[in-house]
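K.L.:
After the sequence you'll find the predicted model.
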Amino acid sequence: MSFSFRVKSSVLLATTTLASLAYSAPAKADDLAVMEHQIKAMQAQLAVMRKEHDREIKRIHDQLAQQRITEERDPYSARNAYRTNGSVATPSMLPPNNPGMATAWGGYNNSNVLLPASSANTPYGRLTGTPQGHVESLYGPLHRGQIQIGGVRITLGGYLEAASIFRSRNNVSDISSNFGSIPFANSPNYHMNEFHESERQSRLAALVEGDITNTLRAQGYIETDFQGSGSSSNSRQSNSYVLRARVFYGQLIDDTDDLTLLGGQSWSLVTMFNHGMAARDEQVPLVVDAQYVPGFNWTRNSQVRIVKGFDHGHYHVGLSVENPQQVIAPGSGGAYVPPGAKSDTYQNAGVNVYNPSTNYSTDVAPDIVAKFAADPGWGHYELTGLLRFPHSRVSYEGFGKSKTSVAGGGGGGMVLPLINKKLYFQASGLVGTGIGRYGTSNIPDVTIGKDGQVKPMPAANALVGVYGNPTKALQLYAYGGIEMLRSRSYFNAGSKAYGYGNPLYNVGGCDIESATACQSSLNKVVQGTAGFWWTYLHGDYGTVKVGAQYSYTYLTSFSGAGGSPHTDDNMVFFSLRYLPFQ
């Protein structure tokens, strides 16, 4: 603007001078000399102005060229977004922060400029590229990894992982540890460590969503990894491990009433959330180990869930009806059938599209989970209730007896921001009967009672942890967890010992290699673990994270004849993750 003003002023001055000379009296020789001098001065001034003009034009061209190069190198940056009347909209002025600027800036240029990636609010979501739990507008600019097809938006997520695993005991495990089956010293595997490399936790995810009305949204979400195993899968030449469904559901979200209806396979409502009860915002431990941490309560299974929010999202209540399955431990005394009975049916081998190499419990009713969550302004708090119905049948000649037990329990959790965005504390727990399935070690839900029917066992799970970001690129975490059966459940029939944790079971050989006298009954699994994630690279083409984790796991058996068996395991994990859409 100052350059233009100077040009106009100079031209006006020159015009005025020439006009005054043109209408003056006949010029004398001295006057002609003065006029010639003034004309030369103006010509010199015009030459300077022309050079300044050329420099200004060149500067503008260079700036535009640099912007073009920047846009080509960084197409996702909001700083390249909108230009009107020679001004550039800053990121704070762009939607969704300030949607009213659409009018103030003369409208958008319809270029669908890609904005920086955004994943779920939970730290776990930022480690796994989980698409965010809420999209501000389906008609605003696209995020990285998004595709718009009419009124439907597809958001891609996930990561590629190269992981290394070392365990001091040979668990015959890949990236998911068998916390509940660490070998005792009678097994040769106790005396051997194991090392594996794995890509199988690599994850593919896609969120598909659209607006049905101004306040009603529909979402479909699928998340897969490669921890499935087919009949030809092996680790000898071409591994051939198969794709599996981790999460696969659809949901309707009513923003006006803060009401959500979800159906499909998702994390159980038992799992603690980071805030509210939004799907894909679960508070999952940040560890590399795909089996997480003992004490962490979870399943991923089919369910129908309804969640209602109150007081502008400060409080939520939820109810979920979930697919049942029991973890059954008949006991080291062998299968027990009551006197006179022909059979005892509490599980069956899979048929049809079920896995034929595993057993399925005989369930007749779903698991029911209810939850209340509060976010009053500082911290997140939850109360959870669980109801289960294990079932079995004892058959006699010509008739039989079925029994449905009532099991379940309650618990809660909290997430506290000790130093906001720097340090967080979390704690959660669950106590009751028949709740082993919801712990990560899969301790038994039920055993077989003296009547031959399934009998729920009392159990408890607890987890505490701290995590935070001392720097923007470094994330640290530490967890301590426990899962335990709170008491034995056993009986004796004649000269034989039955049930779970019977003190007559022979455990004297559990510490002797190759000994067969080890009738152990898992009592307690305890683990402490710590690790870090370091953002090695974050740029236009995604994020590269480097992670490491160490854990120490201690496992005990109920005491029996010959002692109190115990075992342990030291595990070390390394991970290199590439998140292309984050």
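P.N.:
That came in fine, so what should we check first?
K.L.:
Can you report phi and psi for the residue lying closest to Gly180 once chain neighbours are set aside?
P.N.:
Excluding the flanking residues, the one nearest Gly180 by C-beta to C-beta, 6 or more residues apart in numbering is Ser441, at 4.1 Å. (Glycine included, C-beta is placed from N, CA and C.) Torsion angles at Ser441 (phi, psi; degrees, to the nearest 10) stand at phi -90, psi -10.
K.L.:
Let me see the confidence value for Ser441.
P.N.:
Here the pLDDT value assigned to Ser441 is 95.
K.L.:
Tell me how many other residues crowd it.
P.N.:
The number of residues packed near Ser441 is 30, by other C-beta atoms under 10 Å.
K.L.:
show me what contacts it?
P.N.:
Applying C-beta atoms under 8 Å, 6 or more residues apart in numbering, we find Ser441 in contact with Phe179, Gly180, Pro294, Glu483, Leu522, Val525.
K.L.:
Report the beta-bridge partner residues of Glu382.
P.N.:
With DSSP bridges as the criterion, Glu382 is bridged to Ala373, Gly413.
K.L.:
OK, contacts around it?
P.N.:
With C-beta under 8 Å, 6+ apart, Glu382 has these contacts: Met272, Phe273, Lys371, Phe372, Ala373, Ala374, Gly412, Gly413, Met414, Ser428.
K.L.:
For Leu416, see how far away it is.
P.N.:
Distance of Glu382 to Leu416, given as C-beta to C-beta, to the nearest Å: 12 Å.
K.L.:
Same question for Tyr479.
P.N.:
In terms of C-beta to C-beta, Tyr479 sits 15 Å off from Leu416.
K.L.:
And these two? Which one has more around it.
P.N.:
A direct count of neighbours by other C-beta under 10 Å for Tyr479 and Leu416 places Tyr479 higher, at 25 against 14.
K.L.:
where's that one, which helix or strand?
P.N.:
strand 474-485 (DSSP states H and E).
K.L.:
That strand: partners in the sheet, and parallel or antiparallel?
P.N.:
strand 458-468 (antiparallel), strand 522-539 (antiparallel).
K.L.:
any idea of the mean pLDDT for the longest one?
P.N.:
Rounded to a whole number, the mean pLDDT of strand 522-539 is 96.
K.L.:
Tell me which residues of the very next helix or strand once past that strand come out buried.
P.N.:
Note on strand 522-539: by DSSP H and E, the next helix or strand toward the C-terminus is strand 542-557. Within strand 542-557, the residues scored as buried using 16 or more other C-beta atoms under 10 Å are Gly542, Thr543, Val544, Lys545, Gly547, Gln549, Ser551, Thr553, Tyr554, Leu555, Thr556, Ser557.
K.L.:
and what of stretch 308-326?
P.N.:
Gly309, Tyr315, His316, Gly318, Ser320, Val321, Glu322, Pro324, Gln325, Gln326.
K.L.:
and the host helix or strand of the first one, what does it pack onto?
P.N.:
Assignment of secondary structure by DSSP H and E places Gly309 within strand 300-310. Using 3 or more C-beta pairs under 8 Å, 6 or more residues apart in numbering; DSSP states H and E as the contact test, the elements touching strand 300-310 are strand 259-267, strand 315-322.
K.L.:
roughly how far is it from the heart of the chain?
P.N.:
17 Å (C-alpha atoms, centre = their mean, to the nearest Å).
K.L.:
Low-confidence stretches in the protein?
P.N.:
1-28, 68-118, 133-139 (pLDDT under 70).
K.L.:
Correct me if wrong: Thr440 contacts Ala290.
P.N.:
No - with contact defined as C-beta atoms under 8 Å, Thr440 does not reach Ala290; the gap is 10.2 Å.
K.L.:
Between these two, which has more neighbouring residues?
P.N.:
Each of Thr440 and Ala290 has its neighbours counted (other C-beta under 10 Å); Thr440 has more, 26 against 19.
K.L.:
Which phi and psi values does that one adopt?
P.N.:
phi -70, psi -20.
K.L.:
Ok, Tyr124 next?
P.N.:
phi -60, psi -40.
K.L.:
name the element Met49 belongs to?
P.N.:
Per DSSP H and E: helix 29-73 holds Met49.
K.L.:
list the helices and strands that helix packs on?
P.N.:
If you count contacts as 3+ C-beta pairs under 8 Å, 6+ apart, helix 29-73 packs onto helix 2-22.
K.L.:
all strands of the stretch 101-250 of the chain, in order?
P.N.:
With DSSP state E, counting those that start in this stretch, the ranges of strands along the stretch 101-250 of the chain come out as 146-149, 152-167, 194-198, 203-211, 216-228, 242-254.
K.L.:
May I see the ones you listed arranged in a markdown table, with mean neighbour count and distance to Tyr498 as well?
P.N.:
Below are these laid out as a markdown table (neighbours: other C-beta atoms under 10 Å; distance: least, C-beta to C-beta, whole Å):
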| stretch | mean neighbour count | distance to Tyr498 |
| --- | --- | --- |
| strand 146-149 | 14 | 59 |
| strand 152-167 | 20 | 33 |
| strand 194-198 | 15 | 34 |
| strand 203-211 | 19 | 44 |
| strand 216-228 | 19 | 35 |
| strand 242-254 | 16 | 36 |
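K.L.:
and those strands as a markdown table, adding distance to Thr130?
P.N.:
Converted to a markdown table, the strands of the stretch 101-250 of the chain look like this (distance: least, C-beta to C-beta, whole Å):
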| stretch | distance to Thr130 |
| --- | --- |
| strand 146-149 | 14 |
| strand 152-167 | 6 |
| strand 194-198 | 20 |
| strand 203-211 | 7 |
| strand 216-228 | 8 |
| strand 242-254 | 9 |
